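Engineer: can you look at this prediction? I've put the sequence above it.
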Amino acid sequence: MDYTFDSIGSIKICQPKEGYRFSVDALILANFVNLRKISKAIDIGAGTGIIGIILAKKYRESYITMIEIQPELAKLAEESIKLNNLDKKAEVICMDAKDLIHLESFHQKFDVVISNPPFRKPGTGRISPEGKKAVARHEISLNVVDIAKISQKLLRHRGRLFLIHLPERFTEITRILSQHFLEIKRVRFVHSRKDTPAKMVLIEAVKGGRVALKVEPPLFIYNDIGTYTDEMNRIYEI
């Protein structure tokens, strides 16, 4: 597989030249994590590793486990870990994340589960003919219920799930997380511009948390002249 070496701020990332490449969603989600400390975090559907690498650099005492089902992407994530000298702070496991539910060695071990999952249900929108993109964009191998089940098993009590998804599925996601004892505590909607509807929603949920929701001010990606807002520029300064 042909791939490129790309840089975002201080981070180097290995990505396929064609097919799946990380998007701004991943950077926005990683930035949404605002905890003072993380010891152990797990990235479900890690792709080429951008979110896990950002967290490993941001939280110096952390250890990040990245789960990726596609061998080619998992291999590139391993290369990205080496490029950023994070061999002792991060690992990649190539497996179906749903199998984590049955691995007791992973249960109740993590402070954080984070996921930038496929957004679309099968049968909605056009499914990419390119396999890696299809798995990344449509719920072919991983859906919201899977993420809720995985988080319920892997998180410690009061551990946190961080997720980015489509606003039109927010009520569905709220119901599913609540059924798995994951209470949404913080939400932020993401808009392309000030005059456009939300295109994404950032969600933080707590395992065993009480009912209390904070809705943060919206995040705008572009300003009136079509360039990145000041906040987006800061997000890219990793």
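Structural biologist: Done, it's in.
Engineer: which strand residues bridge Leu202?
Structural biologist: Ile164, Arg188 (DSSP bridges).
Engineer: for it, the count of nearby residues, please.
Structural biologist: Counted with other C-beta atoms under 10 Å, the neighbours of Leu202 add up to 21. For the C-beta atoms, the positions are set from N, CA and C on the backbone; glycine is no exception.
Engineer: and the closest residue to Leu155 other than its chain neighbours, what is it in contact with?
Structural biologist: Distances taken as C-beta to C-beta, 6 or more residues apart in numbering put Lys207 closest to Leu155, at 4.4 Å, once the chain neighbours are dropped. For Lys207, the contacting residues are 151-152, 155-161, 181-182, by C-beta atoms under 8 Å, 6 or more residues apart in numbering.
Engineer: please repeat the previous calculation with a cut-off of 6 Å.
Structural biologist: Shown in contact with Lys207 (C-beta atoms under 6 Å, 6 or more residues apart in numbering): 155, 159, 182.
Engineer: so which of those sit within helices?
Structural biologist: With DSSP state H as the criterion, helices contain none of the contacts of Lys207.
Engineer: in strands only, show me those residues.
Structural biologist: Among the contacts of Lys207, DSSP state E puts 155, 159, 182 in strands.
Engineer: do I have it right that the second one meets Asp111?
Structural biologist: What that stands for is Gly159. Yes - if you go by C-beta atoms under 6 Å, Gly159 and Asp111 touch, sitting 5.4 Å apart.
Engineer: how about stretch 95-115: buried residues?
Structural biologist: Within stretch 95-115, the residues scored as buried using 16 or more other C-beta atoms under 10 Å are 97-98, 100, 106, 109-115.
Engineer: possible to save those as TSV with pLDDT?
Structural biologist: Formatted as TSV, those follow (pLDDT from 0 to 100):
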residue	pLDDT
Ala97	96
Lys98	96
Leu100	96
Phe106	95
Lys109	94
Phe110	97
Asp111	97
Val112	98
Val113	98
Ile114	98
Ser115	97
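Engineer: ok, which pair from these is furthest apart?
Structural biologist: Pairwise distances across these (C-beta to C-beta) peak at 21.3 Å, for the pair Lys98 and Asp111.
Engineer: tell me the one of the contacts of Lys207 nearest Lys57?
Structural biologist: Lys57 lies nearest to Gly159 out of the contacts of Lys207, by C-beta to C-beta, at 21.1 Å.
Engineer: please name the bridge partners of the residue nearest to the closest one when sequence neighbours are not counted.
Structural biologist: Counting by C-beta to C-beta, 6+ apart, Lys207 is the residue found nearest to Gly159 once chain neighbours are left out, at 5.0 Å. On the basis of DSSP bridges, Lys207 is bridged to Leu182.
Engineer: tell me how far Lys207 lies from Phe22.
Structural biologist: From Lys207 across to Phe22, the span is 27 Å (C-beta to C-beta, to the nearest Å).
Engineer: so in this protein, where's the weakest helix or strand by average pLDDT?
Structural biologist: Every helix and strand of the chain was ranked by mean pLDDT, DSSP states H and E. The lowest is helix 131-137, at a mean of 47.
Engineer: can you show me the strands along this structure?
Structural biologist: So, for the chain - with DSSP E - the strands run 3-8, 11-16, 40-44, 63-68, 90-94, 110-115, 155-165, 182-191, 198-207, 214-215, 219-220.
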